[in-house]
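Asker: give me coordinates for this.
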Amino acid sequence: MNLPKIHSISKKILVALLGAFLSIFLLFHACANLCILRHDGGAWYNAFCDFMGTNYVIKAFEIILFGALLLHIVLTIWLAITNKMARPKGYHKPQRSKTHTGSKLQVWTGILLLAGLIAHFMDFYFVKLGWVDGNLNFYEQAHEKFQIPHIAISYLIFFVVVWFHMRHGFAAIFQTFGLYNYKYGKAIEITGVIFATVVCLMFTAVVVGIYFGL
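Answerer: You can find the predicted model right below:
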């Protein structure tokens, strides 16, 4: 299997940069979603969605965002394949380093995230594009979806996977750029846990709030 020749370090740096960009977007997305919990009949959230859907700058950013997501996925899979091809027989002794374990975890959580994202797009984004049937009002769509027990539970499980992926990915970004060391490593780990927890709790609050009618 012949893959284009791009230095693995270059791919890792690009994956890290894209991961940082997507993490910042997730924080923004989680903050915006909290508007759903306002008891205003969706006025704030629908106004926000209307702005996001009609502003040409935002539309251009949307294309960049999906391009970044797709490229992040492709490069991550590419790295996993090329790393596997570089050592087809594996190591004689199992690798027990934290980095190795975390990297393997990222591959599997990434696969689960991809499946979850496809389902999420089916529930919301593809509705906006008219590719699947649904309510174009995202506020009502969210209340419709998250009041169904198995969908609400599925999203909560999805957020757990997001947490694990972000928690390791945060530290991996610093590690890629050589900033993860004995002096700052612990602080980076703790910051990563806090960041991933805050983002995922905001997403979780929306699902739980809607389900229990809070």
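Asker: avg pLDDT for stretch 189-206?
Answerer: Stretch 189-206 carries an average pLDDT of 94.
Asker: go on, stretch 72-79?
Answerer: So the average pLDDT for stretch 72-79 ends up being 82.
Asker: buried set for it?
Answerer: 72-73, 75-76, 78-79 (16 or more other CB atoms under 10 Å). Where C-beta positions appear, they are placed from N, C-alpha and C, glycine not excepted.
Asker: again, but for stretch 25-45
Answerer: Buried, per 16+ other CB under 10 Å, within stretch 25-45: 26, 30, 33, 35-37, 42, 44-45.
Asker: now do the residue nearest the centre of the chain, the pLDDT please.
Answerer: The chain has residue 162 as the residue nearest its centroid, 5.9 Å off, counting by CA atoms, centre = their mean. In this prediction, residue 162 carries a pLDDT score of 93.
Asker: skipping its backbone neighbours, what lies nearest it in space?
Answerer: residue 200 (5.7 Å; CB to CB, 6 or more residues apart in numbering).
Asker: returning to that earlier point: which of the buried residues of stretch 25-45 sit farthest apart?
Answerer: Maximum pairwise distance in the buried residues of stretch 25-45, criterion CB to CB, is 22.0 Å, between 26 and 42.
Asker: so how far is residue 67 from residue 49?
Answerer: 21 Å (CB to CB, to the nearest Å).
Asker: of the two, which one has the most company?
Answerer: residue 49 (18 against 11; other CB atoms under 10 Å).
Asker: residues contacting the residue lying closest to the more buried one once chain neighbours are set aside?
Answerer: Leaving out its chain neighbours, the residue that sits closest to residue 49 by CB to CB, 6+ apart is residue 138, at 5.0 Å. Residue 138 makes contacts with 45-46, 49, 124, 128, as judged by CB atoms under 8 Å, 6 or more residues apart in numbering.
Asker: for this structure, which segments count as helices?
Answerer: 8-33, 43-54, 56-86, 98-120, 126-129, 138-146, 149-176, 185-211 (DSSP state H).
Asker: comparing those, which yields the minimum mean pLDDT?
Answerer: Looking at those, the bottom one is helix 126-129 with a mean of 66.
Asker: okay, now residue 50: neighbour count?
Answerer: By other CB under 10 Å, neighbour count at residue 50 equals 12.
Asker: swap in the one 10 residues further on?
Answerer: Other residues within reach of residue 60 by the criterion other CB under 10 Å amount to 10.
Asker: if I look at it, how far off is residue 66?
Answerer: Distance from residue 60 to residue 66, by CB to CB: 11 Å.
Asker: got it, and residue 122?
Answerer: Taken as CB to CB, the span from residue 122 to residue 66 is 15 Å.
Asker: and the contacts of residue 138, which is closest to residue 83?
Answerer: Using CB to CB, the contacts of residue 138 come closest to residue 83 at residue 124, 34.1 Å.
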